[in-house]
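1. Provided below are the primary sequence and the corresponding predicted coordinates.
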Amino acid sequence: MLQLLANAHVFAPEDLGIRQVLIGNGRVLGFLNDPDDVSVPGLFVTDLAGQRVLPGLIDGHAHITGGGGESGFSSRVPPVPLSQFTSAGVSTVVGVLGTDDTTRDTRSLVATAYALREQGLSAWCHTGGYHVPPVTLTGSVRDDIVFIDPVIGVGELAVSDHRSSQPTLDELLRIASDVHVAGLITGKAGILHLHLGDGARGLAVIRKALSQTELPARVFNPTHVNRRRALFSEAIELASNGVVIDVTAFPVDDADDAIPAHEALMQYLGSAAPRGNITISSDGGGCLPVFNEDGEIVQMETGSPASLALTLKTLLDGGAKLADVAPAFTSNPARLLRLHRKGGLQPGKDADLIVLNDNNGIADVMLAGKWHVRHGQQLLFGKFEKEFSD
């Protein structure tokens, strides 16, 4: 079905002004200057009356099979259903394993990515988890990336964290080189997605890797870099040297040393670091634990994809310009992940988009030309969502 989104204020993510967006076969076909410029039998026209339209959000770090498991088997978080992503404006997700790469594995991660694809969401994943050697499907990091379609990198491999396997620099470099070569062979992302804990070593291992090897900076992709203010300062310096850093949209209390995602992004944009070297992800489905000095959980919350939409709204409510902040949610992760049809609203790209309401919330969500949310109402759900909710 051909569709025309008339009178849309398009952020692609750059501000294109009012455009008429022609959509067909799940793609953006082009822009028209006037809605009367096209006359096609059966054309379905939606007049957006000047509402802001931007690419669907790309969540580069979510526990699609569920995270947790650090406080007994009952603490394993269940898988994240489709509507939790789409209601938050997420059209593309990358799944990861975390602390528990024992009772969860790459097989289930790949299967869940395929299941989300069948339900309309664009989904990929990383192989491995927190620990070394990485948990793989084929027995080889390189083979997983080369031969398994949804697998685009390794992660989240933990460093500077008491839950990590305390990998040596040599171990990390061997994995990073396998990831890099697999990316060259396939054209996939080929990144090592690194979980950063609270440890004092911070990002030292990445600095050593860059100073002692020929590996490109883009291979190393640290996440949770806003969990400590000093760590974020380190991360900005790395970003200035070519590393793409990932901020997590987790809740932050006033007493915490962490930086809220919206504040971190504005601090980053005020620095001299390249604007394309920062992304924001949700950690949806992941465990957000608080540990005591013995490494035991004393409190646990769960990450949600909704944190991305909330972060975007907070930025806009605070006066940030949409064209300035949207790339961290859209075109920046698309470039890092080498998802060439994602992250923009240009002709030939997938018709994944969200429409913002006057309160900077999400009014509508379209995935591959199909509405999943309209006027704030969820239209499409995952296969078993309603059965379980009833």
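-> That came through fine. Numbers count the residues shown, from 1 in each chain.

2. And the contacts of the longest helix along the chain?
-> Longest helix of the chain, by residue count under DSSP state H: helix 169-186. With CB atoms under 8 Å, 6 or more residues apart in numbering as the test, helix 169-186 has contacts from 128, 132, 134, 140-142, 145-146, 153-154, 157, 159, 188-192, 205, 208-209, 212-213, 215-216, 219-220, 338. Quick note: C-beta positions are derived from backbone N, CA and C, even for glycine.

3. do the same with stretch 140-149
-> 106, 110, 127-128, 134, 136-138, 151-154, 175, 178-179, 181-183, 185-186, 188, 190.

4. Okay, strands next: where are they in the stretch 1-150 of the chain?
-> For the stretch 1-150 of the chain, the strands defined by DSSP state E, counting those that start in this stretch occupy 3-11, 15-24, 27-32, 44-47, 52-55, 57-62, 90-95, 122-127.

5. Return the most buried member of those.
-> Among those, the stretch with the highest mean neighbour count (mean count of other CB atoms under 10 Å) is strand 57-62, at a mean of 30.

6. and that strand, what's its mean pLDDT?
-> Average pLDDT, strand 57-62: 98.

7. what do you get for stretch 258-274?
-> 97.

8. Now do the same contact list for the spatially closest residue to residue 78 that is not a sequence neighbour.
-> Nearest in space to residue 78, with sequence neighbours left out and distances taken as CB to CB, 6 or more residues apart in numbering, is residue 66 at 4.9 Å. Listed by CB under 8 Å, 6+ apart, the contact set of residue 66 reads 76, 77, 78, 79, 80, 104, 285.

9. which one in these is the model shakiest on?
-> Confidence by pLDDT is poorest for residue 76 among the contacts of residue 66, given 81.

10. is it true that that one touches residue 68?
-> Yes - using CB atoms under 8 Å, residue 76 is in contact with residue 68, at 5.2 Å.

11. Tell me which of those two has more neighbours.
-> residue 68 (25 against 17; other CB atoms under 10 Å).

12. Distance of that one relative to residue 366?
-> Using CB to CB, to the nearest Å, we find residue 68 at a distance of 32 Å from residue 366.

13. OK, contacts around residue 7?
-> Contact analysis of residue 7 by CB under 8 Å, 6+ apart lists 18, 20, 35, 47, 48, 49, 50.

14. Could you single out the nearest of those residues to residue 115?
-> Distance to residue 115 across the contacts of residue 7 (CB to CB) is lowest for residue 48, with 31.5 Å.

15. Could you chop the chain up by domain?
-> Using automatic domain parsing, the domain ranges for the chain come out as 3-54+343-378, 56-336.

16. and of the ones you listed, who's closest to residue 385?
-> Across the domains of the chain, residue 385 has its closest neighbour in domain 56-336 (4.8 Å, CB to CB).

17. What distance separates the opening and closing residues of the closest one?
-> End-to-end span of domain 56-336 (CA to CA, to the nearest Å): 16 Å.

18. coming back round to it: most tightly packed of the domains of the chain?
-> Per residue and on average, the most neighbours among the domains of the chain fall to domain 56-336, with a mean of 20 (mean count of other CB under 10 Å).

19. out of everything not next to it in sequence, what's closest to residue 115?
-> Sequence neighbours aside, residue 383 is the residue nearest to residue 115 in space, at 7.8 Å (criterion: CB to CB, 6+ apart).

20. mind checking how far that neighbour is from residue 280?
-> 29 Å.

21. what do you get for residue 357?
-> Counting by CB to CB, the gap from residue 357 to residue 280 is 21 Å.

22. hang on, the earlier thing: distance to residue 248 added to the strands of the stretch 1-150 of the chain, as CSV?
-> Output for the strands of the stretch 1-150 of the chain, formatted as CSV (distance: least, CB to CB, whole Å):
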stretch, distance to residue 248
strand 3-11, 24
strand 15-24, 27
strand 27-32, 30
strand 44-47, 34
strand 52-55, 21
strand 57-62, 7
strand 90-95, 13
strand 122-127, 16
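
23. closest to residue 308 out of those?
-> For residue 308, the closest of those is strand 57-62, at 5.3 Å, according to CB to CB.

24. now for the closest one, which elements pack on it?
-> Secondary-structure packing of strand 57-62 (3 or more CB pairs under 8 Å, 6 or more residues apart in numbering; DSSP states H and E): strand 90-95, strand 245-248, strand 278-281, helix 306-317, helix 331-336.

25. quick one, what contacts residue 325?
-> 265, 269, 312, 315, 316.

26. Next, the contact list for the third one, please.
-> Shown here is residue 312, whose contacts under the criterion CB under 8 Å, 6+ apart are 57, 89, 325, 326, 329, 360.

27. now do the first one
-> When contacts are counted by CB under 8 Å, 6+ apart, residue 265 is found next to 247, 278, 280, 311, 315, 325, 328.

28. Using the three-state scheme, assign it.
-> Here residue 265 is recorded as helix under DSSP: H, G, I helix; E, B strand; the rest coil.

29. The residue nearest to residue 115 and residue 119 touch, don't they?
-> Yes - counting by CB under 8 Å, residue 119 is a contact partner of residue 383 at 6.5 Å.

30. does the residue nearest to residue 115 belong to a helix or a strand, and which?
-> Assigned by DSSP states H and E, residue 383 falls within no helix or strand.

31. Could you report the pLDDT at residue 292?
-> 61.

32. swap in residue 289?
-> Per-residue pLDDT puts residue 289 at 61.
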